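A.B. asks: This is the structure alone, sequence omitted:
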């Protein structure tokens, strides 16, 4: 049985210059990875966690390893990466302009009726105070961290890559999943595939994904293959006149059956159908309808181990 408790998280040294990954098994719904970089007695942290207890465990580990957090970077607005922001009150929070806007619009959703088993704890909304649109460089001591928005919607409308050019280490946020199904409902299937080319151009030697173990560019190719599969599935479904849920039910996942969270296919098809109908990348969709179809596909509310 997989130990998904906060105590099962592990610290991985990603480079010799005080660059670390905080990896939470097994990377399923609301169990994300974070990164942190030694800034000489204090720390630049990349993302927080979904719950109070997970974020407190993260912060205790970071402080014991490199020192208190002075700067926090959010890779996008999703709550598994931002719910713990308020637990680092002394830190300046940096994020994309659309991350701030999306968090203010959404508040602190608890997804009642969609997920079950969550233990959120006591949460409070805290949004980025320093925002940017395309590119921003921050430093952790001498270590340069380039924050890069791909220029369009991908996993969300506001994804940020945290790139360490000297170490060639990339904190990819949820632009890369390893072992879990990518989820494009709130972004763009086509835009995500284009964003993967941005990662390829950086040519990192080591990538920490938003969920799952660290790896190399092979993970990028795997995400791209899945998204291409979604587009091909959407084409077949629309040609046959089947709505997204029916098409997902009819679809053999094949080599992607080993990925966790297969219900994400339904949400991805909602997005891919809209794009085939001419919707702009990241355009608003009926998220409630898509999530309801995911629950139907799953057979009821989705169990969450956060």
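C.D. replies: Yep, that arrived. A quick note: this is a predicted structure, and the numbers were derived from the prediction, not measured.

A.B. asks: Work out which residue lies at the spatial centre of the protein.
C.D. replies: Nearest residue to the geometric centre of the chain (C-alpha atoms, centre = their mean): residue 174, 2.7 Å.

A.B. asks: what ranges do the strands span in the stretch 151-300 of the chain?
C.D. replies: For the stretch 151-300 of the chain, the strands defined by DSSP state E, counting those that start in this stretch occupy 161-164, 169-171, 206-208.

A.B. asks: Check the offset of the second one from the chain's centre.
C.D. replies: What separates the centre of strand 169-171 from the centre of its chain is 14 Å, taken as C-alpha atoms, centre = their mean, to the nearest Å.

A.B. asks: Kindly report the same for the longest one.
C.D. replies: Between the centre of strand 161-164 and the centre of its host chain there is 14 Å, according to C-alpha atoms, centre = their mean.

A.B. asks: Please name every helix or strand in contact with it.
C.D. replies: Secondary-structure packing of strand 161-164 (3 or more C-beta pairs under 8 Å, 6 or more residues apart in numbering; DSSP states H and E): strand 143-148, strand 169-171, helix 189-202. (C-beta placed from N, C-alpha, C; glycine too.)

A.B. asks: most packed of those?
C.D. replies: Mean neighbour count (mean count of other C-beta atoms under 10 Å) peaks for strand 169-171 among the helices and strands packed on strand 161-164, with a mean of 29.

A.B. asks: about what we covered before: any chance of the helices and strands packed on strand 161-164 in TSV, plus distance to residue 274 and mean pLDDT?
C.D. replies: Listed next are the helices and strands packed on strand 161-164 as TSV, based on distance: least, C-beta to C-beta, whole Å; pLDDT from 0 to 100:
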stretch	distance to residue 274	mean pLDDT
strand 143-148	26	98
strand 169-171	29	99
helix 189-202	9	98
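
A.B. asks: between these, which gets nearest to residue 255?
C.D. replies: Closest to residue 255 of these is helix 189-202 (C-beta to C-beta; 17.7 Å).

A.B. asks: contacts for that closest one?
C.D. replies: Applying C-beta atoms under 8 Å, 6 or more residues apart in numbering, the external contacts of helix 189-202 come out as 148, 150-155, 159, 161, 163, 165, 168, 170, 172, 175-176, 182, 184, 207, 217, 220, 223-224, 227-228, 230-231, 234, 268, 271-272, 275, 281-282.

A.B. asks: Now a PyMOL select for only the buried ones of those residues.
C.D. replies: Selection of buried members from the contacts of helix 189-202 for PyMOL, criterion 16 or more other C-beta atoms under 10 Å:
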select buried, resi 148+150+152+153+154+155+159+161+163+170+172+175+176+182+184+207+217+220+223+224+227+230+231+234+268+271+272+275+281+282
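
A.B. asks: most remote residue from this structure's center?
C.D. replies: No residue in the chain sits farther from the centre than residue 240, which is 32.3 Å out by C-alpha atoms, centre = their mean.

A.B. asks: Leaving out the residues flanking it, which one is nearest to it?
C.D. replies: Among residues not flanking residue 240 along the chain, residue 247 sits closest, at 7.4 Å (C-beta to C-beta, 6 or more residues apart in numbering).

A.B. asks: That neighbour and residue 299, how far apart?
C.D. replies: Separation of residue 247 from residue 299 (C-beta to C-beta, to the nearest Å): 17 Å.

A.B. asks: Settle it for me: which of these two has more neighbours?
C.D. replies: Taking other C-beta atoms under 10 Å, residue 247 and residue 299 do not tie; residue 247 has more neighbours (23 against 8).

A.B. asks: residues contacting that one?
C.D. replies: Residue 247 sits next to 233-234, 236-237, 240, 269 when contact means C-beta under 8 Å, 6+ apart.
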